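Colleague: here is a sequence with its predicted model. Questions after.
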Amino acid sequence: MPKIHNKQLNFFVNKIIIPGIIGICAVIIFFYATNFTLTTYQTWNTTCLEYQNSVKWYVNKDLNIKSKDLFHVLNSCMDTLCKMGIDTSELGQIKIIFAANDKDYQWKVFFCNEAELGKSFTNNTLVLRPSDFAGNKLINRIKDSTYTYQLDLVISHELVHCITKDKLGFFRFIYHNIRNPWKNEGIAEHIAGRSSLKTEDGFKEFFAINDKNSLIQTDKRLSVQYFYFLSRLKTDYLLSKGISWNEFFKNNYDEQELEEKIKQELKDSTYTYPTRKPIRF
Ligand SMILES: [Zn+2]
């Protein structure tokens, strides 16, 4: 530590400035080391394919994947995003890692719930459940049941999380993930134009939420899907009223009040779901 004769300055330099710089450097080194370790671990035994210089795909070497099938799926994702007003040239460097099977998925994401289809990490890395690229399907097996989802829409959903993080900035994105997870999931479902739950099943729950017979009270998988349905419903509704992407994240909404308002407008037929038009930033 440098010796400075002025006592106050000595304290400022040796107790605040130097430890502060060391702390910041440690955080940066830790971030890059974790990033490197995570990517190396998650992409072990995979082949890498590149798409438009911004997306890297990692697929298990043992799976016989045709690159034209992969490109076809990604083209559909980009189409979806462009139609919704997203400038895909603004997409940063993104890695998409496909798990070879469900067990591999669990290892790659460390922790997941059984209904989860994919996970996006804050370093722009997506990990997805095993997929059938030729059939554009993502497969999720829960106990003895197999559920399939449209793969390009699941990827579009996850890409919206990356775009949201870039637009909001890392800390605001984390804040919204904790305080308003419905906003992050709602905007992702809205842009991707997907719904885990059939619209009629979603509305059955929406109007019977306090009913003891409501399925979401007992079925864990359904309750996760209902959360996504409700998040998209609220997002669709707000954006249909002309709210911009920025206002959507900036405004504070009383969720209960908002849901009651939507219920009323659906009953009065002054609002029809779904409504999707290009995002206004
Ligand atoms: Zn999501």
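Modeller: Noted; the coordinates are in hand.
Colleague: please, where are all the strands along the chain?
Modeller: 46-51, 55-60, 94-98, 118-121, 125-128, 131-132, 137-142, 145-150 (DSSP state E).
Colleague: got CSV for the ones you listed, with mean pLDDT and distance to the ion too?
Modeller: Yep, even glycine has a C-beta here, placed from its N, CA and C like the rest. What follows is the strands of the chain, written out as CSV (pLDDT from 0 to 100; distance: least, CB to the ion, whole Å):
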stretch, mean pLDDT, distance to the ion
strand 46-51, 86, 21
strand 55-60, 86, 18
strand 94-98, 91, 14
strand 118-121, 87, 7
strand 125-128, 90, 10
strand 131-132, 88, 16
strand 137-142, 87, 13
strand 145-150, 88, 12
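Colleague: closest to L74 out of these?
Modeller: Proximity to L74, assessed across the strands of the chain by CB to CB, is greatest for strand 46-51 (5.1 Å).
Colleague: now the closest one, how far from the chain's geometric center?
Modeller: Offset of strand 46-51 from its chain centre (CA atoms, centre = their mean, to the nearest Å): 21 Å.
Colleague: quick one: strands adjacent to it?
Modeller: Within its sheet, strand 46-51 is paired with strand 55-60 (antiparallel), according to DSSP bridges.
Colleague: got a list of contacts for the partner strand?
Modeller: Contacting residues not belonging to strand 55-60 are listed as 42-43, 45-51, 65, 70, 74, 91, 93-100, 104 [CB atoms under 8 Å, 6 or more residues apart in numbering].
Colleague: now with 7 Å?
Modeller: 43, 45-51, 65, 70, 74, 94-98, 100 (CB atoms under 7 Å, 6 or more residues apart in numbering).
Colleague: could I get stretch 186-196 in CSV with only the CA atoms?
Modeller: The C-alpha coordinates for stretch 186-196 follow below in CSV (Å, rounded to 0.1, in the frame of the first residue of the first chain):
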residue,chain,number,x,y,z
GLY,A,186,-45.5,-12.4,-20.8
ILE,A,187,-43.5,-10.4,-23.4
ALA,A,188,-41.6,-13.6,-24.4
GLU,A,189,-44.9,-15.5,-25.0
HIS,A,190,-46.5,-12.5,-26.7
ILE,A,191,-43.7,-12.0,-29.2
ALA,A,192,-43.2,-15.7,-29.8
GLY,A,193,-47.0,-16.0,-30.2
ARG,A,194,-47.1,-19.2,-28.2
SER,A,195,-49.2,-20.6,-25.4
SER,A,196,-48.5,-23.7,-23.3
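Colleague: chain center to that stretch, what's the gap?
Modeller: So, by CA atoms, centre = their mean, the centroid of stretch 186-196 is 10 Å from its chain's centroid.
Colleague: contact partners of it?
Modeller: 80-81, 84, 86, 150, 153, 156-157, 160-161, 164, 202, 225, 228-229, 231-232, 234-236, 239, 276, 279.
Colleague: now with 8 Å, please.
Modeller: Under CB under 8 Å, 6+ apart, the answer for stretch 186-196 is 80-81, 84, 86, 149-150, 153-154, 156-158, 160-161, 164, 202, 224-225, 228-229, 231-236, 239, 245, 248, 274, 276, 279.
Colleague: cool, and stretch 129-147?
Modeller: 65-66, 69-70, 72-73, 76, 98-102, 104-105, 114-118, 128, 148-152, 154, 221.
Colleague: check which residues of that stretch are buried.
Modeller: R129, P130, S131, F133, N136, K137, L138, I139, N140 (16 or more other CB atoms under 10 Å).
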